[in-house]
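1. next input, structure requested:
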Amino acid sequence: MLVDREFLRRQLETGLAALRVQLPADAVERLLAYLDLLTRWNAAYNLTAVRNPSQMVTRHLLDSLAVLPWVQGETLADLGSGAGLPGVPLAIARPEIAVTLVDSNGKKARFLREAVRALPLPNTCVLQQRAQELDQTFDCITARALAGLGEMLEWGGHALACDGVWLALKGHIEAAELAQLPRGFRVAAVHKLAVPGLDAERHIVEIRRTD
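-> From the prediction side, this is the model:
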């Protein structure tokens with residue numbers, strides 16, 4: 001599908017202005033380069049069901065960057081990163097943070113390594129493994145529609161630093177899901193997101209340790 005790159009640039013810049021996020025000077029170019037790479041690899045690797053690059057700007061780039069106000073600390077792990085969402089956009093937006101992209105799928109891990117090499121992302125590394133296998137802790141953990149909150153924390157909760165924050169990106173939220181966290185974790189807040197151009201419910205569930 002041929003899409004005017006300048007159209008995508010304008011769409012992205014308009015969306016970033018609406019989000020009111022501050023990015024490095026080269027961030028827009030690098031985000032568009034990531035979009036190009038994702039579009040090319042998606043044809044063979046089926047990394048995302050979204051095929052239209054304009055929809056990718058909204059549903060992938062802007063949706064990921066809407067998380068920025070709640071990102072904290074010096075280290076971040078993106079669990080079940082898949083095509084690198086939200087991890088790659090966050091790594092571009094916050095080059096001072098050490099980002100780890102975690103995915104057990106071989107095809108997705110290969111794409112993530114190529115993205116780290118090609119963009120390049122010197123602050124980013126890729127781990128091809130399950131969240132259960134992580135043997136380090138992180139100040140911030142992101143997970144986008146990986147599973148239910150309870151399941152996510154059972155798999156990867158051990159990787160959250162004592163004073164860290166887990167940011168779960170969700171659509172519609174059920175009260176029952178919020179109430180079923182494993183022992184040792186609490187819902188600190190639920191933030192409703194307004195993603196420019198996206199007509200769908202989006203929330204961040206902010207989770208912290210209780211001890």
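
2. center of this structure, which residue is that?
-> residue 86 (1.4 Å; Cα atoms, centre = their mean).

3. residue contacts, it?
-> Residues in contact with residue 86 (Cβ atoms under 8 Å, 6 or more residues apart in numbering) are 63, 64, 65, 67, 78, 142, 144, 169. C-betas here are computed from N, CA, C, even on glycine.

4. same thing with residue 67?
-> 86, 90, 142, 167, 169, 204.

5. among those, which ones are in helices?
-> Secondary structure defined by DSSP state H assigns residue 90 of these to helices.

6. same list, the contacts of residue 67, but as a markdown table with pLDDT please.
-> Below are these laid out as a markdown table (pLDDT from 0 to 100):
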| residue | pLDDT |
| --- | --- |
| 86 | 97 |
| 90 | 98 |
| 142 | 97 |
| 167 | 97 |
| 169 | 94 |
| 204 | 96 |
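
7. the contacts of residue 67: which two are farthest apart?
-> 90 and 204 (12.7 Å; Cβ to Cβ).

8. out of the contacts of residue 67, which one sits closest to residue 210?
-> Using Cβ to Cβ, those come closest to residue 210 at residue 167, 17.2 Å.

9. now the helix ranked longest in the chain: how far from the chain's centre is it?
-> Counting by DSSP H, the longest helix found in the chain is helix 27-45. The chain centre lies 15 Å from the centre of helix 27-45; the measure is Cα atoms, centre = their mean, to the nearest Å.
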